[in-house]
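S.K.: I'd like to go over a predicted model; first the sequence, then the structure.
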Amino acid sequence: MEAVPPISALSTARDDCWIPSACSLCYGTCSILAHRVDGVLVKLEGNPESAAGKGRLCGKGVSGLMTHYDPNRVRVPLRRTNPKKGMGVDPGWKEISWEEALDEVARRLKKLRGEDPRKLFIQRTTTVTSSRTPIQVFAAAFGTPNRSSAGGGLHCGNGAHLISGIMHASWSVVPDFQYCNYAVYFGASKGHSAGHASCSNMGLAAEARARGMKMVVVDPMCNFAAAKATEWVPIRVGTDAALALAMGNVMVNELGIYDAPYLRAKTNAPYLIGPDKLYARDPESGKPLVWDLGAAAPRPYDAVSSEAMALEGEFPVNGVLCRPAFELLKNHLKNFTPEWAERITTIPAADVHRLGSEFAREARVGSTIVIDGVTVPYRPVAAIAFRGSQGHVNSVYNFLAVDLLNQLVGSADMAGGCLGFNPACHGYPETGRPYFVPKAGPDGLMITGIWMAHHNPYPIGEPRMPEQVGLQDLFVLCQTSPFSDSSDREEMWDKLDLPYRPEILLNYGTNSLMSIGNKETVAGALAQFKFVISIDLFLTESSDFADIVLPDCDYLESLDSRPNFPFIFNLPGGLGEWCWPIKQPAIQPDGEQRRSSDILVELADRIGMREDLNAAFNVVLKLEGPFRLEGERKYSYEEVCDAELKNNFGAQHGLEWFKKNGVIKWPKKPEEVYWRHFVDTRVPIYWEFLPVLREKIAALAEPRGIKIPQRYYEPLPDWIPCPAHVTNGAFDLYAFYYRDIIHTNSFTMENPWLDEAARLDPYSYTIAINAGTGRKKGLVDGEEIWVETDAGRRVKGKVHLTEAVHPEGLGIAACAGHWGEGMPIAKGKGVFFNDLLEVDYDHASPVNLNLDLCVKVKVSKARGVGR
Amino acid sequence: MNVRLFGILAILAKERSVALQMGEGATLGDVLTELGKRFGGDFADHIFRVEGEMHSYCGIFVNDAMVNDLNEELRANGPAAEVGMILLMASEGG
Amino acid sequence: MVIDLKRCIGCYGCQLSCKAEHGTPPGVFFARLLKQEEGHYPTVRQLFLPVLCFHCDEPACVEVCPTGASSKAPDGIVDIDPDECVGCRACMMACPYSQRYFLDEQRHYFPGNGATPYEQARSERHPSGVVMKCNFCRHRISVGKEPACVANCPAVARHFGDLDDPTSTVSRLIKERGGYTLHPELGTGPAVYYLPA
């Protein structure tokens, strides 16, 4: 591998050019134009040609220059000389050559692969979307299933992506801003912060607001989305399911408003359920049965037209009385009255009732709209959820209860409703690629057209004795697992006879010591690796455990053919344009940094797994025909990118074309955006597979002493409290963290422009407590306080007394509070919320293993000066 | 026909290239079953989610194109079919 | 200029795209975002208020400038000629909106490391010892672009145009939405209007 290849000159005489590329300050990956003058990057702007960002950037995006030019960036490979590893223990970094670094890393990895490739554990930051494919193919070629996104995955996705995947065939959900009239946000900030399609969503949400869309934001804190809301609904932390279920009850049982034709045709609502909670099945075909009202008999679901299916009643199947799933749901919802919800959530019963009524009425069940000459159902209401509501032990039900509202009124992926991000695409007109559309799978339930990796959310996996470090092959609904770092990981591995232990960690860009949970627990896990390789922009707190650090090129120095693909991740949803941007370097690194994609390809060659790597690229990128990678030929990453682009868009649209033009785009069709109306498939409003799954997991786990609580595996969502919801004496506040618009994870506090803005912001670096609550505790705005859990974990920070927080809430922004020396701007700024979190099975969802992110705390004044 | 194994499959089988004699009209599913017989239960578990169904993370190429359908017949006439297999077991998150 | 507070989401895009366009030193913000919460729990609103120089019709800063360094151009932009400015800072005292900045000495964003290549490329625009401020990105509008803060806003919350033309977007928005200025009683006649949240 050579050093970074020279950038082809795009200008003539003087160096003054605008280079189209992609941002990586958060995973939104909006398209950018980077302005370079005389070899210096002087401005970053949006790319108006691209639907990703639409020519604009948030505060983080424009500030990328200051991360790029940060003198604290790692410039040369480093190797530790101090054999002792520990938090704050100086590794004794020594500069080494690339040859020495790659030689050692490759030697160790090759040896490990010969012993047992599963002993390699790979971590990557969610922020750099371009790292996904290189790491996926490297892991597949190497032969390890062990991969994690550190905190970004453990905190955020196990609920949101699982349910968005099963119910909407997408990674996340968003209101159809163009047509929605009434959006309810549960612990989400789509269009008001960062994340999926961030800048595009900001424009779309603002336009919706200007048009008069009503936005109701259910959140313990009034910031970002709630700040712009028509109505802020303060809620006790982690109780979203209670509100959503009560709203559903009002809609279905009191008002009788629900979309019966949608439920009959597009969900498993009519499937007959026996007293064992499972589908009644046709004895011949095994297919779930429905009650055919015309024939007055049970028939397989695909043998009856949906209009004839019963939604309610009790019917005999082989002498056993069964009920349609909808009947069970309807009755189940009766348990959740507005008065009951008030006790759980602190939201007044009258408001709960009103919200349910408003949602139901605004849904306009039964209406249609004509868009571009195409008639689609019109349901201008959306209930969306994201990180907040699913970051609890009750992760699955919290999120599912919210999405049920969309399913009940038929607004899922309909005009004005709750959209998945681009679940269906018919492809670039000239090539028909990329093509993906959801379709019906086992039991008629939906399989995604595309996914981010290859473990599709449905059909769910078959639990087995695990061979993955994270135990995801047993807990099959989990994507990112706590068991790579948890305090009980050894115990779990022992109990489940994990046949090996992880030995080498390859880390790309994560600061897992800060992003996962309390640092002592994670430090223990990091210290156990025999060898740690870390590819980084900066030395982080986690670097204290690295053996070799490799300096990473940043996004302005890197190349990737697919920063915004799959489209389910960070291309704007709804109507508009399809858009495929690339990321290309705008400048050379000024040290010895190399691109991580090139590093991985080089390592693959040195390890001797080139043919495996090529095969993995072929599958992941779906390379076919003349663009398929052959045998052991040593393609550079640039060549692979060129092959992908030509494979998708034709031989004339390779890397050179994209370097000049930046993006390729074509118009979306209503049949793509509102695919659900046109595709014959169903989603589960009754998760029949959950009790089935529990049996299988329990059969393996419980004899080994691991409890699989049935309560979480019932087919209908329920309210289940977190550990924090138990009254606990002096520990009377619910601490939570939230995403800040000015910061991404633990990364951007090092950026001095962003840090400067955050220091001037009332919330970014402070601990937000309700002013009334704070005054009762004798706190003074701006003073230093301790926040402490009943496990004795504590963090210190400045309190900000505010009206904009629930009286029981304590809100801390982002993942701040750095203590390391490698990021001196970030050091000491903000509060390290994650230090309050336990990382173990008891503090994770027993279904999807998402970490419980709320914790009961008490506050006290911190005496003395400084930290 | 020829099967080329990659990644963990090659490591489990301890072989890269496997020559198979399959009858006329042999399907992809037949080939996979044959491989399972040859390399044992652990190998088969890595390919099949349940009997007759591949794991979604099993990627298969037949000659130049990707194939998902276990019922797809492989060409037995003319040149031997080249089948390539790799597992993409690492899930994604975040 | 018109700033639509209904659209603004407080992303700091204006503050930072201005900083990125001009390379202003630490502590200097030609455009800035202010935040204020209003009301009492649970009836709370957050106000996001982007501010900048208002390029007033009767600028107090120009009036007090002893050297003529501060002036109002025919197109309405209030600007400072750094060669004429002697750094007396009378203008900073006169400006009722605190939108002028002054540095005694050069400051850089990575203290102890000197200027980054980006800051070096921009440093001559911000000499110490003279007052500096927003000039509506004169270098951009002269080539047909909008000011950086306007062009960049992801919520499309900022508009720039000719207030003397009743058919311009800015004029129409002010009329249709009831645009207002901040503290008009101070009498300087700001040329930046806000649309209600």
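M.R.: In hand now; what should we look at? Numbers count the residues shown, from 1 in each chain, chains lettered A, B, ... in the order given.

S.K.: give the contact list for the residue nearest the centre of chain C.
M.R.: Closest to where the C-alpha atoms of chain C average out (C-alpha atoms, centre = their mean) is C:L52, at 2.4 Å. Neighbouring residues of C:L52 by C-beta atoms under 8 Å, 6 or more residues apart in numbering or on different chains: C:1, C:14, C:18, C:30-32, C:99, C:134, C:149, C:192. To be clear about C-beta, it is placed using only N, CA and C from the backbone, and glycine gets the same treatment.

S.K.: tell me, what's the model's pLDDT at the closest residue to A:L629 other than its chain neighbours?
M.R.: The shortest distance from A:L629 to any non-neighbouring residue, by C-beta to C-beta, 6 or more residues apart in numbering or on different chains, is to A:N614 (4.0 Å). Confidence at A:N614, expressed as pLDDT, is 97.

S.K.: go on, B:R49?
M.R.: 86.

S.K.: do I have it right that it meets A:P463?
M.R.: No - with contact defined as C-beta atoms under 8 Å, B:R49 does not count as touching A:P463 (11.2 Å).

S.K.: compare neighbour counts for those two and give me the winner.
M.R.: More neighbours surround A:P463 than the other of B:R49 and A:P463, with 23 against 16 (other C-beta atoms under 10 Å in any protein chain shown).

S.K.: spatially nearest residue to residue 82 (excluding sequence neighbours)?
M.R.: Defaulting to chain A. A:G92 (3.8 Å).

S.K.: actually, chain C is the one I wanted.
M.R.: Nearest to C:P82 is C:V130, by C-beta to C-beta, 6+ apart, at 4.7 Å.

S.K.: one more: A:A412?
M.R.: Nearest one to A:A412, counting by C-beta to C-beta, 6+ apart, is A:N406 at 4.5 Å.

S.K.: pretty sure the one you found contacts A:F399?
M.R.: No - the criterion here is C-beta under 8 Å, and A:N406 misses it with A:F399 at 11.7 Å.

S.K.: coming back round to it: shared neighbours, B:R49 and A:P463?
M.R.: Going by C-beta under 8 Å, 6+ apart, no residue sits against B:R49 while also sitting against A:P463.

S.K.: just give me the neighbour total for A:G88.
M.R.: A:G88 has 10 nearby residues by other C-beta under 10 Å.

S.K.: let me fix that: A:D351
M.R.: Counted with other C-beta under 10 Å, A:D351 comes out at 18.

S.K.: show me the contacts for the residue nearest to A:L629.
M.R.: A:629-633, A:635.

S.K.: and what of C:V156?
M.R.: A:56, A:203, A:206-207, C:7.

S.K.: just the ones of these in helices?
M.R.: Filtering the contacts of C:V156 for membership in helices, criterion DSSP state H, returns A:203, A:206-207.

S.K.: which of these sits closest to A:I685?
M.R.: A:E207 (31.7 Å; C-beta to C-beta).

S.K.: separation between the residue nearest to that closest one when sequence neighbours are not counted and chain B?
M.R.: Nearest residue to A:E207, sequence neighbours excluded (C-beta to C-beta, 6+ apart): A:F177, at 6.7 Å. Separation of A:F177 from chain B (C-beta to the nearest C-beta, to the nearest Å): 24 Å.

S.K.: and the closest residue to chain C within the stretch 651-800 of chain A, what pLDDT?
M.R.: Closest residue of the stretch 651-800 of chain A to chain C, C-beta to the nearest C-beta: A:P752 (4.0 Å). Predicted confidence (pLDDT) for A:P752: 98.

S.K.: returning to that earlier point: go through the contacts of A:N614 and give me the one with the most neighbours.
M.R.: A:L629 (20 neighbours).

S.K.: thought A:N618 was touching that one, still the case?
M.R.: Yes - counting by C-beta under 8 Å, A:L629 does reach A:N618; the two are 5.6 Å apart.

S.K.: residues in contact with A:L550?
M.R.: A:77, A:101, A:105, A:533-536, A:594, A:599.

S.K.: mind checking which of these are in helices?
M.R.: Using DSSP H, these in helices are A:101, A:105, A:599.

S.K.: could you dump those into JSON lines with neighbour count, distance to C:F160 and pLDDT added?
M.R.: Below are the ones in helices among the contacts of A:L550 laid out as JSON lines (neighbours: other C-beta atoms under 10 Å in any protein chain shown; distance: C-beta to C-beta, whole Å; pLDDT from 0 to 100):
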{"residue": "A:A101", "neighbour count": "21", "distance to C:F160": "51", "pLDDT": "98"}
{"residue": "A:V105", "neighbour count": "23", "distance to C:F160": "53", "pLDDT": "98"}
{"residue": "A:I599", "neighbour count": "26", "distance to C:F160": "45", "pLDDT": "98"}
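
S.K.: pick the one among those closest to A:L505.
M.R.: Closest to A:L505, out of all of those and judged by C-beta to C-beta, is A:V105, at 11.7 Å.

S.K.: relative to A:G152, how far out is that closest one?
M.R.: 24 Å (C-beta to C-beta, to the nearest Å).

S.K.: ok, which stretches of the stretch 501-650 of chain A are helices?
M.R.: Applying DSSP state H, counting those that start in this stretch to the stretch 501-650 of chain A gives helices spanning A:512-515, A:519-528, A:567-570, A:596-607, A:610-620, A:637-649.

S.K.: pick the most buried one from the ones you listed.
M.R.: Compared across these, helix A:512-515 shows the largest average neighbour count, a mean of 28 (mean count of other C-beta atoms under 10 Å in any protein chain shown).

S.K.: now for it, which elements pack on it?
M.R.: Where contact means 3 or more C-beta pairs under 8 Å, 6 or more residues apart in numbering or on different chains; DSSP states H and E, helix A:512-515 is packed against helix A:150-154, helix A:519-528.
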